[in-house]
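K.L.:
got a predicted model here, sequence first, then my questions.
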Amino acid sequence: MVRPQIQRRVSGKARISYFKPQGIPLAELEELGLTLDGLEALRLADVEGMYHDAAAERMGVSRPTFGRILAQARCAVATAISQGKALRIEGGVVVQAPKRGGCGRRGDRCRRGWGRNAGKCDRRTQKLKNEQEDKKERK
C-alpha cells in the first residue's frame with residue numbers, strides 16, 4: 001500500500017491556472033502539469049531566495065522532500081519553456097497556510113501567531129481585541 005502524502009502548506013491560490021506561449025491557441029498546445037506545491041517551492045526558493053531548510057519548514061515538509069518538489073517543478077517549467085508547451089497550474093496535496101504576522105511587532109518575522117502556534121499569540125489576540133473595541137467606539 002502506498003503511503004499517503006503529507007499536506008504541504010502554500011501561501012495562497014495561484015493567480016493564473018495556465019501559462020502558455022503567446023500567439024498559439026491553447027487547444028493546439030500540449031500541456032504539462034505544475035502542482036500548487038511545486039509553484040510554492042519555486043516561489044520560496046527562486047523568488048524569495050530562501051534556503052531549502054527554511055522553505056521546507058514553511059511548507060511543512062522535510063528538506064529532502066522540498067528538494068524533490070522543487071526539482072520536479074523546475075523540470076516542468078524548463079520543459080514547457082524550451083519546448084513551447086502550455087503549463088497547467090493545479091492540484092497537489094496542499095492546504096492554505098494561515099496568514100502570517102503574529103503580534104505585528106516584528107511583521108512577517110513573527111512566528112508566534114501562525115503554523116503550530118496559530119491563535120496562541122497573546123499580543124496578536126490583544127491587538128485584535130483593541131481593534132474591535134476601537135471600531136465599536138467609532139460607531
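P.N.:
Received, thanks. Numbers count the residues shown, from 1 in each chain.
K.L.:
helices of the chain, residue ranges please.
P.N.:
Counting by DSSP state H, the segments of the chain that form helices are 36-42, 52-59, 63-83, 122-138.
K.L.:
in TSV, list those along with mean neighbour count and distance to Val93.
P.N.:
Just so you know, the C-beta spots here come from the backbone N, C-alpha and C atoms, and that holds for glycine as well. TSV is the format used below for the helices of the chain (neighbours: other CB atoms under 10 Å; distance: least, CB to CB, whole Å):
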stretch	mean neighbour count	distance to Val93
helix 36-42	24	7
helix 52-59	18	11
helix 63-83	16	11
helix 122-138	11	29
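K.L.:
show me where pLDDT drops low in the protein?
P.N.:
Within the chain, the stretches with pLDDT under 70 are 98-126, 139.
K.L.:
show me the domain layout of it.
P.N.:
Annotated domains of the chain cover 1-97, 98-139 [automatic domain parsing].
K.L.:
to Ile89, which of the helices of the chain lies closest?
P.N.:
helix 36-42 (5.8 Å; CB to CB).
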